[in-house]
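>>> Have a look at this prediction, sequence included:
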Amino acid sequence: MKGDAEMRGDAEMRGFALSDVQLGDGPFARANEADVSFIKKLDADRLLSGFRRSAGLPDGGRPPYGGWEDSRIGGHTMGHYLTAAAQLVSSAPDPEMERRLNYIVEELGKCQRAHGNGFLFGARLSAGEEPERQFDIEEGKIQMEGEMLTWVPWYTLHKILDGLLSVHRLCGNETALEIACGLGDWVCARVAAWTPEVRAHILTTEYGGMNDCLYQLARQSGREKYREAAAAFDDTALMGEITSERRDTLSGRHANTTIPKFLGALEQHPEFAEGFWEKTTARHAYATGGISDMEHFHGDYDLDGRRTQCNCEGCCAHNMLKLSHRLFLRRPDKKYAAYSERLLYNAILGAIDTANGTTAYFSPMATGYTKTFSDEDPEQNKFWCCTGTGMENYTKLQEEIYFREGDTVWVNQYMDSAVQLKAGSLTQEVSVDTADVPGRMRVLFRYRGLDRLLCRIPDWCGGAWEAAGAGVDRSAGAPDGYAALTLAGEGSFTLSFSMPLKVESLPDNREAVCFMCGPYVLAARLGAERADEKTGAGIDVIASAVKIVGGQEASPEIVYGETHREILPAEVLRLPSGVSREDFAAHVEDYMKPVQGEPVHFDLTGLEMEGIPDGSLHFVPYCEIVRERYGIYWYVRE
């Protein structure tokens with residue numbers, strides 16, 4: 001049997017330009033539209049304010065936004081905004097956003113020239129404070145104690161540099177590249193002066209993806225000197241330790257400090273990036289694809305024991321999707337596309353309020369809580385990190401659907417969409433029917449000017465799929481997990497996948513189960529009672545304060561970096577006498593009944609449920625639940 005590489009040939013795997021792929025009607029398009037509406041609310045001069053103040057320029061009476069933007073991490077939102085706006089503009093013509101983007105870049109250039117050394121920053125300054133003071137403190141040049149005098153300056157700088165590179169790469173703005181090179185020169189000079197002790201300390205801090213963006217700067221500018229600075233941020237000792245065969249090597253590590261390091265590792269140490277992805281997705285991910293509790297990793301497979309209201313930080317989903325995307329481009333494998341699907345349909349789609357475009361910080365895996373969304377009013381918004389990555393997520397959804405290798409098009413995700421090809425086009429319309437069990441996902445493809453297509457066969461269909469259409473033939477030479485289809489010039493065909501209900505349990509407690517239907521994680525709706533009650537969970541961060549299940553409630557204390565949880569009796573579902581968990585999982589369709597006229601909605605009945613009205617739980621796709629309580633995981637006991 002031929003190997004994958006031989007079957008595919010030597011052509012390089014590539015994505016499509018954002019402008020080549022358009023989302024059709026559906027949940028992903030609605031998420032994109034909501035995100036764009038939020039992005040367009042933001043005032044360019046308010047985002048520029050901190051940069052102008054740092055450079056000693058007048059802010060024109062336009063102060064920074066509040067929350068994190070008026071703090072030592074101020075300016076991070078600008079980086080995210082630049083990337084999100086660049087993705088928006090490059091996806092489809094938008095003269096208003098293009099003018100705004102060009103204006104911001106020109107104004108940032110003025111700020112950089114005022115500094116005079118390539119530096120550019122937007123954090124809040126105290127009276128008389130030097131703009132580079134946070135970096136001096138981080139490097140030990142200034143010894144200070146007491147109040148929080150730094151936050152994460154290199155992390156913030158990464159966002160700014162990455163945003164400038166996005167504007168150049170996606171929009172062809174040469175001024176953005178000039179500014180990025182000036183900032184890169186400043187970084188090079190700074191890094192060249194590090195002693196081994198200073199570098200060792202910097203590697204312990206949260207510096208985002210500084211290695212990643214500096215390698216990117218080297219590629220876009222053609223200047224190799226930036227690669228040397230990038231390598232200074234490669235924490236190879238840590239990467240080797242984390243990806244070793246030992247257990248629990250991620251335990252206690254800050255998740256969103258760690259993930260970006262491995263994005264940068266792809267440049268010179270791809271084996272570390274692959275090993276990290278394998279360990280993280282296999283041992284630390286929930287059914288939605290989300291990871292972390294209170295922003296941290298914990299022991300291998302310690303998932304049920306860490307289910308709180310502070311799970312699945314939005315930034316982690318953003319960076320894990322980015323890592324999966326790049327790993328697929330480097331070495332195409334269905335596992336990367338399958339995990340991306342988990343994130344897209346659940347963690348990503350489930351972290352936006354399509355009514356106003358706000359995005360979630362925490363998405364609890366503990367039953368009875370609500371998600372934590374930012375404020376739709378920019379004047380009230382705290383501008384969390386997850387607000388920034390949230391803006392980016394939904395302006396590039398289309399990049400995960402199609403890939404190309406030579407003349408062959410790969411379809412990794414099933415979403416309503418259309419892609420323009422060199423001499424043709426391909427569209428897909430997705431419909432789901434769960435009136436019967438198992439349900440089915442049907443994807444109608446229309447094609448023109450395309451001879452060969454590779455379509456991913458999702459693991460969740462259990463091999464039950466069909467391709468029907470005149471002039472469409474299955475052909476040999478498909479990589480594992482894909483169907484190779486030979487097409488006839490122009491026409492249409494339908495791919496149909498079985499969507500059986502499935503029960504998934506957590507590795508540290510087989511009684512803790514969730515329900516899935518196709519790509520959808522299901523969650524029980526638990527009402528909106530006291531859903532607006534929040535409590536502090538970090539600097540200007542909030543989380544759901546009270547869990548309520550079946551009329552029972554609890555309010556475990558939140559302590560940053562720790563897990564506090566309480567299980568309510570109503571979270572336990574007892575099986576009928578004589579029915580084992582194995583029998584229940586094998587025949588879950590006897591208990592989960594489809595709701596007619598509402599695809600992927602089910603009523604769970606036939607189990608003993610303490611405090612649950614009518615002894616029934618109504619399950620819907622997790623991504624449909626916004627500002628109400630829910631339960632993904634339940635304890636099913638005999």
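Yep, that arrived. As the structure is a computational prediction, the values presented were derived from the model and not from experiment.
>>> three-state assignment of residue 492?
Secondary structure, DSSP: H, G, I helix; E, B strand; the rest coil: residue 492 is strand.
>>> my read: it touches residue 443, true?
No. Residue 492 lies out of contact with residue 443 (CB atoms under 8 Å); the separation is 10.9 Å. Where C-beta positions appear, they are placed from N, C-alpha and C, glycine not excepted.
>>> Between these two, which has more neighbouring residues?
Summary of the neighbour comparison: residue 492 and residue 443, criterion other CB atoms under 10 Å, with residue 443 having more neighbours (20 against 16).
>>> show me what contacts that one?
Taking CB atoms under 8 Å, 6 or more residues apart in numbering, we find residue 443 in contact with 414, 428-431, 494-497.
>>> Now, of those, which are buried?
Burial by neighbour count, judged by 16 or more other CB atoms under 10 Å, picks out 414, 428-430, 494-497 from the contacts of residue 443.
>>> got CSV for the residues you listed, with pLDDT and distance to residue 37 too?
Below are the buried ones among the contacts of residue 443 laid out as CSV (pLDDT from 0 to 100; distance: CB to CB, whole Å):
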residue, pLDDT, distance to residue 37
414, 98, 26
428, 98, 25
429, 98, 25
430, 98, 24
494, 97, 34
495, 97, 33
496, 97, 35
497, 98, 33
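>>> Would you check which pair of those lies furthest apart?
Farthest apart among those by CB to CB are 429 and 497. That separation is 14.3 Å.
>>> which parts of the longest helix seen in the chain are buried?
The helix spanning the most residues in the chain, taking DSSP state H as the definition, is helix 95-115. Of the residues in helix 95-115, those scored as buried under the neighbour-count criterion (16+ other CB under 10 Å) are 97-98, 100-102, 104-105, 107-109, 111-112, 114-115.
>>> would you turn these into a markdown table with pLDDT and distance to residue 410?
Compiled in a markdown table, the buried residues of helix 95-115 are given as follows (pLDDT from 0 to 100; distance: CB to CB, whole Å):
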| residue | pLDDT | distance to residue 410 |
| --- | --- | --- |
| 97 | 97 | 30 |
| 98 | 98 | 31 |
| 100 | 98 | 35 |
| 101 | 98 | 31 |
| 102 | 98 | 35 |
| 104 | 98 | 35 |
| 105 | 98 | 34 |
| 107 | 98 | 41 |
| 108 | 98 | 37 |
| 109 | 98 | 40 |
| 111 | 98 | 43 |
| 112 | 98 | 41 |
| 114 | 98 | 48 |
| 115 | 98 | 45 |
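>>> which residues does the residue nearest to residue 460 when sequence neighbours are not counted contact?
Beyond its immediate neighbours in the sequence, the residue positioned closest to residue 460 (CB to CB, 6 or more residues apart in numbering) is residue 518, lying 5.4 Å away. Going by CB under 8 Å, 6+ apart, residue 518 touches 432, 439, 441, 458, 460-461, 497, 499, 600.
>>> where are the low-confidence patches of this protein?
For the chain, the stretches with pLDDT under 70 are 1-10, 145-148.
>>> show me the contacts for the spatially most central residue of the chain.
In the chain, the C-alpha closest to the average C-alpha coordinate belongs to residue 318, at a distance of 2.1 Å (CA atoms, centre = their mean). Residues in contact with residue 318 (CB under 8 Å, 6+ apart) are 348, 386, 389-390, 392-393.
>>> again, only using 7 Å
389, 392-393 (CB atoms under 7 Å, 6 or more residues apart in numbering).
>>> same thing with residue 209?
Contact analysis of residue 209 by CB under 7 Å, 6+ apart lists 158, 162, 260, 263-264.
>>> Can you name the two of the contacts of residue 443 that sit furthest apart?
Within these, 429 and 497 form the most distant pair, 14.3 Å apart (CB to CB).
>>> Distance to residue 356 for the buried ones among the contacts of residue 443 - can I get that in CSV?
Supplementary listing: the buried ones among the contacts of residue 443 in CSV, determined by distance: CB to CB, whole Å:
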residue, distance to residue 356
414, 27
428, 29
429, 28
430, 25
494, 36
495, 35
496, 36
497, 33
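>>> which of those lies closest to residue 80?
Relative to residue 80, and with distances defined as CB to CB, the nearest of the buried ones among the contacts of residue 443 is residue 414, at 28.1 Å.
>>> is it true that residue 565 touches residue 366?
Yes. Look at residue 565 against residue 366 with CB atoms under 7 Å: they come within range, at 6.2 Å.
>>> and for these two, which residues touch both?
Among the neighbours of residue 565, those also in contact with residue 366 (CB under 7 Å, 6+ apart) are 307-308.
>>> more crowded one of the two?
Neighbours per residue (other CB under 10 Å) separate residue 565 from residue 366, with residue 366 holding more: 26 against 16.
>>> show me what contacts the residue nearest to that one when sequence neighbours are not counted?
Counting by CB to CB, 6+ apart, residue 307 is the residue found nearest to residue 366 once chain neighbours are left out, at 4.3 Å. Residues counted as contacts of residue 307 (CB under 7 Å, 6+ apart) are 365-366, 565, 633.
>>> what does residue 131 give?
By CB under 7 Å, 6+ apart, the contact list for residue 131 reads 54, 115, 119, 121, 125.
>>> try 8 Å this time
54-55, 115, 119, 121, 125 are the contacts of residue 131 under CB under 8 Å, 6+ apart.
>>> who wins for neighbours among these?
If you count neighbours using other CB under 10 Å, the busiest of the contacts of residue 131 is residue 121, which has 26 neighbours.
>>> Just to be sure, it is in a helix?
No. Secondary structure assignment places residue 121 outside any helix; it is coil (three-state DSSP).
>>> and the closest residue to residue 449 other than its chain neighbours, how many residues sit next to it?
Spatial nearest neighbour of residue 449, chain neighbours left out: residue 424 (2.1 Å); criterion: CB to CB, 6+ apart. Counted by other CB under 10 Å, the residues lying close to residue 424 total 16.
>>> ok, now residue 258?
As a burial measure, residue 258 scores 22 neighbours (other CB under 10 Å).
>>> any idea how far residue 633 is from residue 364?
According to CB to CB, to the nearest Å, residue 633 and residue 364 sit 10 Å apart.
>>> Identify the farthest-apart pair in the contacts of residue 307.
Once CB to CB is applied, the contacts of residue 307 give 565 and 633 as the farthest pair, at 11.8 Å.
>>> Which residues are in contact with each of those two?
Shared contacts of residue 565 and residue 633, counting by CB under 8 Å, 6+ apart, come down to 307, 366.
>>> now, which of the contacts of residue 518 sits nearest residue 167?
residue 458 (35.5 Å).
>>> Which strand residues bridge the residue nearest to that closest one when sequence neighbours are not counted?
In this structure, residue 458 finds its nearest non-sequential neighbour in residue 497, 6.2 Å apart by CB to CB, 6+ apart. Taking DSSP bridges as the rule, residue 497 bridges to residue 441, residue 465.
>>> How about the contacts made by residue 497?
Taking CB under 8 Å, 6+ apart as the criterion, residue 497 is in contact with 440-443, 457-458, 460-461, 464-465, 518.
>>> that older thread, for the residue nearest to residue 366, what are phi and psi?
Phi and psi for residue 307, reported as degrees, to the nearest 10, are phi -80, psi 110.
>>> Also residue 373?
phi -100, psi 150.
>>> thinking it is in contact with residue 627, fair?
Yes. With contact taken as CB under 8 Å, residue 373 and residue 627 are classed as touching, separated by 7.0 Å.
>>> And the two? Which one has more around it.
When residue 373 is set against residue 627 and neighbours are counted by other CB under 10 Å, the residue ahead is residue 373, at 22 against 13.
>>> got a list of what that one touches?
For residue 373, the set of contacting residues under the criterion of CB under 8 Å, 6+ apart consists of 353, 358-361, 626-627.
>>> Throw these into JSON lines and include distance to residue 152, thanks.
What follows is the contacts of residue 373, written out as JSON lines (distance: CB to CB, whole Å):
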{"residue": "353", "distance to residue 152": "27"}
{"residue": "358", "distance to residue 152": "23"}
{"residue": "359", "distance to residue 152": "20"}
{"residue": "360", "distance to residue 152": "21"}
{"residue": "361", "distance to residue 152": "16"}
{"residue": "626", "distance to residue 152": "30"}
{"residue": "627", "distance to residue 152": "30"}
